[in-house]
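Colleague: no letters, just coordinates:
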Ligand SMILES: CC(=O)SCCNC(=O)CCNC(=O)[C@H](O)C(C)(C)COP(=O)(O)OP(=O)(O)OC[C@H]1O[C@@H](n2cnc3c(N)ncnc32)[C@H](O)[C@@H]1OP(=O)(O)O
Ligand SMILES: O=C([O-])CC(=O)C(=O)O
């Protein structure tokens, strides 16, 4: 009897894991994070609240929020030897590769590296959350021949991260919008990078290895790399009409338009993109210049009319980061920094209930018989 082989290209629609962390509920239109809708959370909670929710499974009290902020400040420092590694990397090194190298190097400074218990993994997660913004900012700066920037402890977590990326203390509006972007990027069920991290962790490999693999996954333009690609595309145009022409040309040439489409949302707008669109409007109002908003809106209309496709988070995060004055090459590293907490939660869960990932294939090659 022939066994039925069910194959889904790109694992489309395949359930890869059980999880208590998050779920894209496309029926009710919610991004469920530990039971709450991320969009509703994003209206009143800060990134550190989401960190607590993801790692401790509940929202923090006021005291707990202060204590996390203090704990992370105590973890901002990165070893001088790791900074030295960046000094030896060629100037053409992509910031995601610099970041990947830095995270990988941290494994050597973990004196409990063989411990996969949740307690130690969680301690590691907090340490990483303290250090990742520093690694993102200083790997980029060192590779580009700039001086190291020191964290500023008097600032909030997000304001300090912003400061380290731009050298500028953010205004209240800038801090609020940057923090919102971190909330929105923090966790999203089972994207390619999270799957990568869980696959790596399923061999009983460590958190650093899982995150290193996730960075490589996130770098790709079909995933996190899209936010940078969107900004390069927007910058090709100086007017709305020019942007429309660029999009029409790309569509005519059957090119994919970065920042549109999503495996799960498919023909609907990513609800996180709408939050970033509103943030972009606030920044445009503040600057008295709404060109980017008008360009993006025109692009949205063309994609809806021509392809029935809608923006994902990267489409509106890119112009928001641009208006915040952040270098384009840092957009995807920021995505990773925010996602560090979600990835850590997934690796912790994988180690708690582990079964090795080892799928099969649908073989389409030839078969040959040998004479002897
Ligand atoms: C935060 C994030 O990481 S969100 C994702 C960020 N990535 C991007 O923005 C990159 C651009 N988008 C894409 O490439 C895709 O929409 C993905 C990778 C996100 C989802 O891909 P999938 O679910 O595999 O869809 P797939 O790539 O098979 O596309 C299905 C169809 O829609 C078309 N399509 C999908 N996205 C786009 C797009 N952005 N521009 C033009 N056409 C598109 C494809 O060409 C394909 O058409 P066809 O059936 O005529 O060949
Ligand atoms: O869910 C996905 O496939 C990609 C995505 O939007 C994310 O990782 O935030």
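Modeller: Cool, the structure landed. These numbers come from a predicted model, not from an experiment. Numbering: from 1, shown residues only. Ligands and ions are numbered 1, 2, ... in the order given.
Colleague: could you list the buried residues of the lengthiest helix in the chain?
Modeller: Across the chain, the longest stretch assigned as helix under DSSP state H is helix 118-143. Neighbour counts over helix 118-143 (16 or more other C-beta atoms under 10 Å) mark 120-143 as buried. C-betas here are computed from N, CA, C, even on glycine.
Colleague: so how many other residues sit close to the residue in the stretch 151-300 of the chain that ligand 1 sits nearest to?
Modeller: Nearest residue of the stretch 151-300 of the chain to ligand 1 (C-beta to the nearest ligand atom) works out as residue 261 at 2.2 Å. Residue 261 is flanked by 21 other residues according to other C-beta atoms under 10 Å.
Colleague: name the helices or strands packed onto the longest helix of the chain?
Modeller: Here helix 118-143 touches helix 47-56, helix 62-73, helix 80-87, helix 95-106, helix 157-166, helix 207-219, helix 331-352, going by 3 or more C-beta pairs under 8 Å, 6 or more residues apart in numbering; DSSP states H and E.
Colleague: picking up where we left off before, against residue 186, how distant is the residue of the stretch 151-300 of the chain closest to ligand 1?
Modeller: Distance, residue 261 to residue 186, using C-beta to C-beta, to the nearest Å: 22 Å.
Colleague: same question for residue 62.
Modeller: 20 Å.
Colleague: higher neighbour count, these two?
Modeller: Taking other C-beta under 10 Å, residue 62 and residue 186 do not tie; residue 186 has more neighbours (25 against 7).
Colleague: might one say that the more buried one is in contact with residue 339?
Modeller: Yes. With contact defined as C-beta atoms under 8 Å, residue 186 and residue 339 form a contacting pair (6.5 Å).
Colleague: out of the helices and strands packed on helix 118-143, which is closest to residue 289?
Modeller: For the helices and strands packed on helix 118-143, proximity to residue 289 was assessed by C-beta to C-beta; helix 157-166 is nearest, at 18.5 Å.
Colleague: so for the residue of the stretch 1-150 of the chain found nearest ligand 2, what pLDDT did the model give?
Modeller: Ranking the residues of the stretch 1-150 of the chain by distance to ligand 2 (C-beta to the nearest ligand atom) places residue 24 first, at 7.2 Å. pLDDT recorded at residue 24 is 98.
Colleague: what's the helix or strand for it?
Modeller: strand 22-25 (DSSP states H and E).
Colleague: what lies in contact with that strand?
Modeller: 31, 32, 33, 34, 38, 187, 188, 189, 264, 265, 342 (C-beta atoms under 8 Å, 6 or more residues apart in numbering).
Colleague: same question, stretch 137-156
Modeller: Residues contacting stretch 137-156 (C-beta under 8 Å, 6+ apart): 46, 69, 73, 76, 78, 83, 86-87, 89-91, 93, 95, 98-99, 101-102, 133-134, 160-161, 163-165, 167, 169, 175, 179, 327, 329-330, 333.
Colleague: name the nearest residue to the residue nearest to the spatial centre of the chain, sequence neighbours excluded.
Modeller: Per C-alpha atoms, centre = their mean, the C-alpha nearest to the average position across the chain is that of residue 335, at 3.0 Å. Spatially, and ignoring its direct neighbours in sequence, residue 335 is nearest to residue 224 (4.4 Å; C-beta to C-beta, 6 or more residues apart in numbering).
Colleague: ditto for residue 208
Modeller: Residue 208 sits nearest to residue 107 (C-beta to C-beta, 6+ apart), 3.7 Å away.
Colleague: test my guess that the one you found contacts residue 211.
Modeller: No. Checked against C-beta under 8 Å, the pair residue 107 and residue 211 is beyond contact range at 9.6 Å.
Colleague: those two - which one has more neighbours?
Modeller: With neighbours defined as other C-beta under 10 Å, residue 107 and residue 211 compare such that residue 211 has more, 31 against 15.
Colleague: from residue 203, how far out is the more buried one?
Modeller: Residue 211 is 15 Å from residue 203, by C-beta to C-beta.
Colleague: and for residue 130?
Modeller: Distance from residue 130 to residue 203, by C-beta to C-beta: 27 Å.
Colleague: can you check residue 133 too?
Modeller: With C-beta to C-beta as the criterion, residue 133 and residue 203 are 29 Å apart.
Colleague: cool, and residue 37?
Modeller: According to C-beta to C-beta, residue 37 stands 34 Å off from residue 203.
Colleague: list the contacts of residue 339.
Modeller: So residue 339 contacts 185, 186, 187, 188, 193, 194, 214, 218, 224 (C-beta under 8 Å, 6+ apart).
Colleague: quick one: which of those residues is nearest residue 42?
Modeller: For these, the minimum distance to residue 42 (C-beta to C-beta) is 9.3 Å, reached by residue 186.
Colleague: got phi/psi on that closest one?
Modeller: In terms of degrees, to the nearest 10, the main-chain angles of residue 186 are phi -60, psi -30.
Colleague: tell me who's in contact with it.
Modeller: Residues near residue 186 by C-beta under 8 Å, 6+ apart: 33, 38, 47, 50, 51, 54, 338, 339, 341, 342.
Colleague: great, nothing more from me.
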